[in-house]
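Participant: The sequence isn't on hand, but the structure is:
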């Protein structure tokens, strides 16, 4: 039997139960609310609106400062479909610009990381420096009416916080400091000191699900015991989870959970600034649209994700340790144990997120009720509805 395409599932899911749906049921209080209709996770039209209204407006985490130690270090990536270069220029400043040649639009750097003195378009060899300025364009002497002297790759706003690099595609956006002005972010600075850590492990993978399912899954306490009962949730307290909700769909929480290693073992010992907390101390903060930071007594483990298509998302998980941990004996062996464990946990979640994507595309899917353990999901869904549709009515289908 032929496979049903995502677009076919999208059309099929627009049954009388969801067509032209009002979001009144999602906007009810938690005990009486229901989840979003399935087509919002499968619709190409909704996805395009999300890119314009959310991902082209919000600050997004794209890496860590320590990934660019030298002049000329760069990473070329695609964020929500937009090709971007992050690099360190000759003045040792971090810069971001569109990875789009000003001649025909070809990416001047292949997706990936490296070190270079300049960026050369592989199509017609237009050459740009580490600030994105055009420094060479072969065979242009006969060209009239074009200002080669001021030509440069379009700049993208860049700023940093606690060692994390953020970009914003909107030239008129608020500052990063204002965007991050939140109690949970301030607690993350005070509790975790991310600027005193660096990446020990980086795990990137693509998953066949809508981008919204990733942060939703990470704030979903309801599934912890059933999916992760033999991994980290053996030592996890679900009842009365202390979510602190904040404006604009944000939240943070201090809660009880052992660290992300087999049997919750502190393989490296505590971070120097967390020595006095319980071994069960844990912290999380959500920075919209897709940046979830998790802290334990011995490590920081952020998840960041970017949409690739209505039904495909790229996820990166960093495991960060205090700088002094990297000098410990047997660091590589201990780091691999942690790296293998987070891959196990991510695989457990990935199976469910793929199934979620398939299920919401079914003609039989009807949004179920939210429960108390889905408090944070209910909070962020309501912010999403207001952000996307304002009056709570879905866009024309």
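Facilitator: Sure thing, it's come through. Keep in mind the model is a prediction, meaning the values are calculated, not measured. Numbering: from 1, shown residues only.
Participant: From here on, just use CA atoms for contacts and neighbour counts.
Facilitator: Fine.
Participant: Report the spatially nearest residue to residue 334, omitting neighbours in sequence.
Facilitator: Sequence neighbours aside, residue 267 is the residue nearest to residue 334 in space, at 6.5 Å (criterion: C-alpha to C-alpha, 6 or more residues apart in numbering).
Participant: Count the residues that sit near that neighbour.
Facilitator: 15 (other C-alpha atoms under 10 Å).
Participant: ok, it touching residue 333?
Facilitator: No: using C-alpha atoms under 8 Å, residue 267 makes no contact with residue 333, being 10.0 Å away.
Participant: host element of the residue nearest to residue 334?
Facilitator: Under the criterion DSSP states H and E, no helix or strand holds residue 267.
Participant: Now for the residue nearest to residue 238 when sequence neighbours are not counted: which residues touch it?
Facilitator: Spatial nearest neighbour of residue 238, chain neighbours left out: residue 221 (6.4 Å); criterion: C-alpha to C-alpha, 6+ apart. Residues near residue 221 by C-alpha atoms under 8 Å, 6 or more residues apart in numbering: 238, 241, 373, 374.
Participant: Just give the closest residue to the third one, not the sequence neighbours.
Facilitator: The one in question is residue 373. Nearest to residue 373 is residue 222, by C-alpha to C-alpha, 6+ apart, at 5.2 Å.
Participant: So that neighbour sits against residue 374, correct?
Facilitator: Yes: if you go by C-alpha under 8 Å, residue 222 and residue 374 touch, sitting 6.5 Å apart.
Participant: Tell me where the protein has helices.
Facilitator: 6-12, 44-50, 176-179, 183-192, 213-218, 224-228, 331-360, 375-389 (DSSP state H).
Participant: tell me the mean pLDDT for the last one?
Facilitator: Just to be clear, that refers to helix 375-389. Averaging pLDDT along helix 375-389 gives 94.
Participant: Run through the neighbouring helices and strands of that helix.
Facilitator: Helix 375-389 is packed against strand 250-256, with contacts defined by 3 or more C-alpha pairs under 8 Å, 6 or more residues apart in numbering; DSSP states H and E.
Participant: what does the model give residue 214 for pLDDT?
Facilitator: Looking at residue 214, the pLDDT reads 97.
Participant: and it, how many neighbours?
Facilitator: Count around residue 214 with other C-alpha under 10 Å applied: 25.
Participant: looking at it, it is touching residue 353, isn't it?
Facilitator: Yes: with contact defined as C-alpha under 8 Å, residue 214 counts as touching residue 353 (7.5 Å).
Participant: hmm, back to that, of residue 222 and residue 374, who's got more company?
Facilitator: residue 374 (20 against 16).
Participant: Not including adjacent chain positions, what is the nearest residue to that one?
Facilitator: Per C-alpha to C-alpha, 6+ apart, closest to residue 374 is residue 220, 5.8 Å.
Participant: Mark out where each domain of the protein begins and ends.
Facilitator: 60-168, 180-379 (automatic domain parsing).
Participant: Low-confidence stretches in the stretch 1-150 of the chain?
Facilitator: Low-confidence segments of the stretch 1-150 of the chain (pLDDT under 70): 1-22.
Participant: my read: residue 303 touches residue 317, true?
Facilitator: Yes: contact between residue 303 and residue 317 holds when scored by C-alpha under 8 Å: they sit 4.6 Å apart.
Participant: picking that back up, now that we have the helices of the chain, can you turn them into TSV and tack on distance to residue 322?
Facilitator: Below are those laid out as TSV (distance: least, C-alpha to C-alpha, whole Å):
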stretch	distance to residue 322
helix 6-12	43
helix 44-50	36
helix 176-179	24
helix 183-192	10
helix 213-218	24
helix 224-228	27
helix 331-360	12
helix 375-389	30
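Participant: Residue 134 is nearest to which of the ones you listed?
Facilitator: helix 176-179 (28.3 Å; C-alpha to C-alpha).
Participant: Not counting its own residues, what contacts the closest one?
Facilitator: For helix 176-179, contacts defined as C-alpha under 8 Å, 6+ apart pick out 59, 159, 160, 166.
Participant: Likewise for stretch 371-383?
Facilitator: 26-27, 30-31, 33, 35-36, 216, 219-222, 238-239, 241, 243, 245, 248-251, 370.
Participant: Okay, and which of those map to strands?
Facilitator: Within those, residues falling in strands by DSSP state E are 245, 250, 251.
Participant: if we take those, which one ends up nearest to residue 51?
Facilitator: When those are compared against residue 51 (criterion: C-alpha to C-alpha), the nearest one is residue 250, at 19.3 Å.
Participant: okay, now the closest one: neighbour count?
Facilitator: 21.
Participant: Disregarding flanking residues, what is the spatial nearest neighbour of it?
Facilitator: That would be residue 286: by C-alpha to C-alpha, 6+ apart, it lies 5.8 Å from residue 250.
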